[in-house]
Structures are given as structure tokens and as C-alpha cells.
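[1] Requesting a structural model of the entry that follows:
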Amino acid sequence: MRVLVVEDQRQLADSVARVLRREGMAVDVAYDGAAALERTDVVEYDVVVLDRDLPGVHGDDVCRALVAREAPSRVLMLTASGTVAQRVEGLGLGADDYLPKPFAYAELVARIRAVARRNRPATPPVLTHGDLRLDPAQRVAVRAGARLPLTPKEFAVLEHLLAGQGRVVSAEELLDRVWDEATDPFTTTVKATINRLRTKLGDPPLIETVARAGYRI
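    Prediction:
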């Protein structure tokens, strides 16, 4: 999943980004509302984690702009003000969820996953293919009863391929949904990750390369 964190407190923004990346998400960061609008112009995010109290372009205005554009991104609004009236107002702007500060990272992760599911076709809570079982919530992948030692990116690629249910997924799509803007689009990152995944998945092979198209399970 691709996430944009919009937060002017840089230490908090960077800390949130690190946590989400450990959960296998592709995360970009904007430290003000103007930068957030620029990024959402060119990247389709699954979720925008939006601090409401931004300097310059206010978080309310960012949310209104996303709604006016009919952007597919879901908005999880953050604020230091946790009154019921403030939450109702934030949701009235078009936010999909509202989380007061301070918050627990575990709850933030759970809420991001919950709002992101609203954008996607329903998928089983546990993804399976033959003797392969992947549990996105628990971040566990098992084949033939043995737990696979996957990195966050390997897990995210495997999850995306399994969720495709046999659909061919291009390298460009994997770059867009699994990696963030810091990744060089001309590198062999996707191919290298697929190769490592194949080694860890073992035999019989599960990931098929479709010439000039991409990969599928």
C-alpha cells in the first residue's frame, strides 16, 4: 500500500514513516500542506495520513482539495484536539477517519489498513495458494508448514501478487504500490526482490514471469 504522511513536526513525521515502512508500506512524507497537494497531484496514494493543524495550507484545505478532485485516496486525519465536535467537523470535511494525538502506533497502523480496505475489492483476511498461506494482519507467510523469513518488501510483493488472484502484475505496478519515491525507477529492484522471493519460497516454483508483461502467482 502507498501512504503519504503529512505532518509539520518532522520528528513525528519521520517516526511514523519508519513504523509504517516496517509494516511493509511504501511511505512518502510531506512536511506542509502545499507539498502534500503537489505530491497527490502526481501519485495515487491509498491513504493520506493528514495532520489537521498544518501551517500555511491548512489540513482542512488539503482535505477539501482531495475531495474536490475526487481523489481515490482515503484520508486519515490527525489532530491534537480530540473533542467530539472537532472529530465530527473533520469527518464532515470528507476525512474517512479521525485519530487524536497522542496515538499508539499500533492503532494508527490498524486504522490505516482499515480505511485502505475501503478502496479495494474485498479479499480474504488470509491469502492462500496451494501450500502457501499469507496473513497480512499478523505479517506471517508460511509454506508447507514452515514460516518464511521475508523482508518487509518481499512480504509486500508476495501479498500484492497473491491479492492479484492470477492477474499479471507489471514491474511498474509493483514499484508504484510497494516502493516509495526514494526508489530509482530504472533500477533492477523489482527483479532482485522477485529472485529473492523465489529462493525463499522454494520448490515447486510459484512465481511465473510473463514475458514483457510482469509476474503472477
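[2] Can you point out the buried residues in the strand or helix carrying Asp61?
    Per DSSP states H and E: Asp61 is located in helix 59-68. Buried residues in helix 59-68, counted by 16 or more other C-beta atoms under 10 Å: 59-63, 65-66. C-beta here means a position set from N, CA and C on the backbone, and glycine is covered the same way.
[3] Spatially nearest residue to Ala13, not counting backbone neighbours?
    Glu7 (3.8 Å; C-beta to C-beta, 6 or more residues apart in numbering).
[4] For the protein, which segments are assigned as helices?
    Secondary structure of the chain by DSSP state H: the helices cover 10-22, 33-42, 59-68, 84-92, 105-117, 152-163, 171-178, 189-201.
[5] Now do stretch 207-217: everything it contacts.
    129, 161-162, 164, 166-171, 173-174, 194, 197-198, 201, 206 (C-beta atoms under 8 Å, 6 or more residues apart in numbering).
[6] With stretch 159-177 instead?
    1-2, 24, 26, 44, 120, 123, 127-129, 132, 134, 136, 157, 178, 183, 185, 189-191, 207, 210, 213-217.
[7] Only the buried subset of these, as a ChimeraX command please.
    The buried subset of the contacts of stretch 159-177, as determined by 16+ other C-beta under 10 Å, is captured in ChimeraX by this line:
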select :1,2,24,26,127,132,134,136,157,178,189,190,214,215,216,217
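[8] Filter the contacts of stretch 159-177 down to just the ones in strands.
    Among the contacts of stretch 159-177, the ones falling in strands (DSSP state E) are 2, 26, 127-129, 132, 134, 210, 214-216.
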